[in-house]
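In: Compute the structure for the input listed below.
(chains A and B)
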Amino acid sequence: MAMITLRDVDVEFTVDAEQRSLQGKLAGLLQRRRTVVRSIKALQSISLTIQAGERVGLIGPNGAGKSTLLKTIAGIYPPRKGKTQVAGHICPLFEFATGFEMEATGWDNIRTRALLLGMSAGEIDAKIEEIGRFSGLGDFLEMPVRCYSSGMLLRLAFSTSTAVNPQILLLDEVMAAGDAAFIGSARKRMNELMQRANIVVFATHSLNTLPDFCERTILLDKGHILADGPTREIVRQYMSLVATADQHA
Amino acid sequence: MIKLDFTEFLNSISLWRIWVRLGVQDVRLRFRRSAIGLWWIFLNLAAMILAIGFVYSNLLGQDLREFIPFLTVGIITWGYITSSIVEGSSAFISSEGYIKQISLPIYVYAFRYFVSISLTTLISFTAFGVVVALYSVPIHAGTLWVVPGAFLLMSVSLLLIFIFAFLNTRFRDVAHLATVAMQVLFYLSPVLYPPELLRQRGVGIVIDLNPLSHLLETIRHPLLSGEPATPTNYQVVILSIVILILGVVLVIRRYRRRIVYYL
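Out: Residues are numbered from 1 along each chain as shown, chains lettered A, B, ... in the order given. Reported below is the predicted structural model:
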């Protein structure tokens, strides 16, 4: 049974890289001066539980900690404090463009990416035809991806990434991919993917479509959970938050 | 007591399909679009061996028939150790895109480098086959003593990659420092000259205290003479491996949870 539990989680980034260098350490020793290392508290005492079958939206202004929260759930950022517990295989789809080897062909890149996302060799063999077909790239798949336009890269990445069968799906900014013809089928495919997953958590700015996707939404601001509840209610709360911020401005 | 979580480590090993693919791909892509591709590995080696072989055999009064095979094995083995440290240093840094986007155990990327570095070495090792044919180096059952040596060498390589990948991500000066150190050690190790020459001059201590020279012997001696290296050689290498394992445990304990923040 898939499940996500976070208890009192803090995530912190250090800003001043030079303070951490060997040079900085040596200089610090010589000068006997303690400089304060600046840091950003990206997440502060976050506690939440997501049960199997839930679809959860993450909203909040830029820098609220949406992506950091997703990456913490994914296990990419080990928290400074607190506990994360995740049961189930995680499939993170954060940025479709990473993990491409520019000199390798489209087919090669599909294989690599599929492996990285946790597909087995047999699964890849079974799906690779379909992935290639959905990408609509045809003969381009035989060529190194450095010849691709950015839209074509996106198609390739999207087609592969959405072919997985995830237990827990983490999405950052559900994005529209490619040209007008592609967007329609892409949206359908994304919906199918989200149907297949046992748990979906996704960060988004498109508040209008949010209620169609999920019944629960979490509002983040400055690393804190401001609200957590039924989507319509939370979206309304976020709207009024933005409105007051505008009035003050 | 040192408590270590081995599950993540074992989990990484079970993901071998991923790191083998990435590692092999790294080697292939390095030479893609180059006219002679993988042959660059040979060409590089051949040029070095010809030049050094000519100068040093005359300088040291060595017979080419013995010196060239000696030099070939030495340079390939040394190259393996050096790239484990120098290239291994960037294992995590150059995999940042993967590390920050996909939740795989970070060790996967150290194994990836282990594959690409070992594969490159293996390819260059076929050059030794050419040397064997040219200089009719005797090959017999005793040559198989190279197998335990190769096992030890690969273990050292893997452990060095782990240590330096972590350290260099934390302190970016480490790779530069290591490059300098390896250059110095190159002259202190019997790669270009037979160890006996230093011993005859009474400064054998330089090589006896140098674990890298013992490591070299576990590969070179069986290949050239068909006999095992000395027990001391094996003991020193195994002791070094134990120390390296402790080093790996230390860097993992200290940096494992913070490593992504240093990228």
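
In: By mean pLDDT, which helix or strand of chain A comes out lowest?
Out: Within chain A, confidence by mean pLDDT, DSSP states H and E is lowest for helix A:22-31 among all helices and strands, at a mean of 62.

In: Partner strands of the helix or strand following that one and their direction?
Out: Using DSSP states H and E, the helix or strand that directly follows helix A:22-31 along the chain is strand A:39-50. Within its sheet, strand A:39-50 is paired with strand A:3-14 (antiparallel), according to DSSP bridges.

In: who in the stretch 1-150 of chain B is up against chain A?
Out: Those residues of the stretch 1-150 of chain B that sit near chain A, judged by C-beta under 8 Å from any C-beta of the partner chain, are B:17-18, B:21-22, B:25, B:29, B:32-33, B:97-104. Quick note: C-beta positions are derived from backbone N, CA and C, even for glycine.

In: Inside helices: which ones of those?
Out: B:17-18, B:21-22, B:25, B:29, B:97-99 (DSSP state H).

In: Now for the residues of the stretch 1-150 of chain B next to chain A: which two are most distant?
Out: Spatially, the most separated pair among the residues of the stretch 1-150 of chain B next to chain A is B:R33 and B:S103, at 32.5 Å (C-beta to C-beta).

In: Name the residue in those two with the higher neighbour count.
Out: Each of B:R33 and B:S103 has its neighbours counted (other C-beta atoms under 10 Å in any protein chain shown); B:S103 has more, 21 against 9.

In: Give me the contacts around the helix or strand containing A:A243.
Out: Following DSSP H and E, the helix or strand that holds A:A243 is helix A:231-248. Applying C-beta atoms under 8 Å, 6 or more residues apart in numbering or on different chains, the external contacts of helix A:231-248 come out as A:57, A:59-61, A:207, A:210-211, A:214-219, A:221, A:226-228.

In: any idea how far stretch A:233-246 is from the chain center?
Out: Averaging C-alpha coordinates over stretch A:233-246 and over its chain gives two centres that are 24 Å apart (C-alpha atoms, centre = their mean, to the nearest Å).

In: tell me the mean pLDDT over that stretch?
Out: Computed over stretch A:233-246, the mean pLDDT rounds to 88.

In: Any buried residues in the strand or helix carrying B:T77, and which?
Out: Assigned by DSSP H and E, B:T77 belongs to helix B:64-86. Within helix B:64-86, the residues that qualify as buried by neighbour count (16 or more other C-beta atoms under 10 Å in any protein chain shown) are B:67-86.

In: any idea of the mean pLDDT for it?
Out: Averaged over helix B:64-86, pLDDT sits at 94.

In: Show me what it is packed up against.
Out: Applying 3 or more C-beta pairs under 8 Å, 6 or more residues apart in numbering or on different chains; DSSP states H and E, one finds that helix B:64-86 makes contact with helix B:39-59, helix B:107-134, helix B:146-170, helix B:174-188, helix B:211-225.

In: Pipe the ones you listed into JSON lines and attach mean pLDDT and mean neighbour count per row.
Out: Compiled in JSON lines, the helices and strands packed on helix B:64-86 are given as follows (pLDDT from 0 to 100; neighbours: other C-beta atoms under 10 Å in any protein chain shown):
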{"stretch": "helix B:39-59", "mean pLDDT": "90", "mean neighbour count": "15"}
{"stretch": "helix B:107-134", "mean pLDDT": "93", "mean neighbour count": "19"}
{"stretch": "helix B:146-170", "mean pLDDT": "96", "mean neighbour count": "21"}
{"stretch": "helix B:174-188", "mean pLDDT": "94", "mean neighbour count": "14"}
{"stretch": "helix B:211-225", "mean pLDDT": "95", "mean neighbour count": "22"}
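
In: just to revisit the earlier point, using PDB, write out every CA atom in the helix holding B:T77.
Out: Taking Å, rounded to 0.1, in the frame of the first residue of the first chain, the C-alpha atoms of helix B:64-86 are listed here in PDB:
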ATOM      1  CA  LEU B  64      63.900  -2.800 -24.900                       C
ATOM      2  CA  ARG B  65      62.600  -6.400 -25.000                       C
ATOM      3  CA  GLU B  66      62.100  -6.300 -21.300                       C
ATOM      4  CA  PHE B  67      61.500  -2.600 -20.700                       C
ATOM      5  CA  ILE B  68      58.600  -2.000 -23.200                       C
ATOM      6  CA  PRO B  69      56.300  -4.700 -21.700                       C
ATOM      7  CA  PHE B  70      57.300  -3.400 -18.200                       C
ATOM      8  CA  LEU B  71      56.500   0.100 -19.100                       C
ATOM      9  CA  THR B  72      53.200  -0.800 -20.900                       C
ATOM     10  CA  VAL B  73      51.700  -2.600 -17.900                       C
ATOM     11  CA  GLY B  74      52.900   0.100 -15.500                       C
ATOM     12  CA  ILE B  75      51.500   3.000 -17.500                       C
ATOM     13  CA  ILE B  76      48.100   1.300 -18.000                       C
ATOM     14  CA  THR B  77      47.800   0.400 -14.300                       C
ATOM     15  CA  TRP B  78      48.900   3.800 -13.200                       C
ATOM     16  CA  GLY B  79      46.400   5.400 -15.600                       C
ATOM     17  CA  TYR B  80      43.700   3.400 -14.000                       C
ATOM     18  CA  ILE B  81      44.500   4.600 -10.500                       C
ATOM     19  CA  THR B  82      44.900   8.200 -11.600                       C
ATOM     20  CA  SER B  83      41.600   8.300 -13.500                       C
ATOM     21  CA  SER B  84      39.800   6.600 -10.500                       C
ATOM     22  CA  ILE B  85      41.000   9.600  -8.400                       C
ATOM     23  CA  VAL B  86      40.800  12.400 -10.900                       C
END
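
In: okay, the residue lying closest to A:I76 once chain neighbours are set aside: pLDDT?
Out: Nearest-residue entry for A:I76: B:S103, 5.4 Å, with adjacent residues in sequence omitted and distances by C-beta to C-beta, 6 or more residues apart in numbering or on different chains. If you check B:S103, the pLDDT there is 84.

In: do the same with A:L48
Out: Turning to A:L48, the model gives it a pLDDT of 93.
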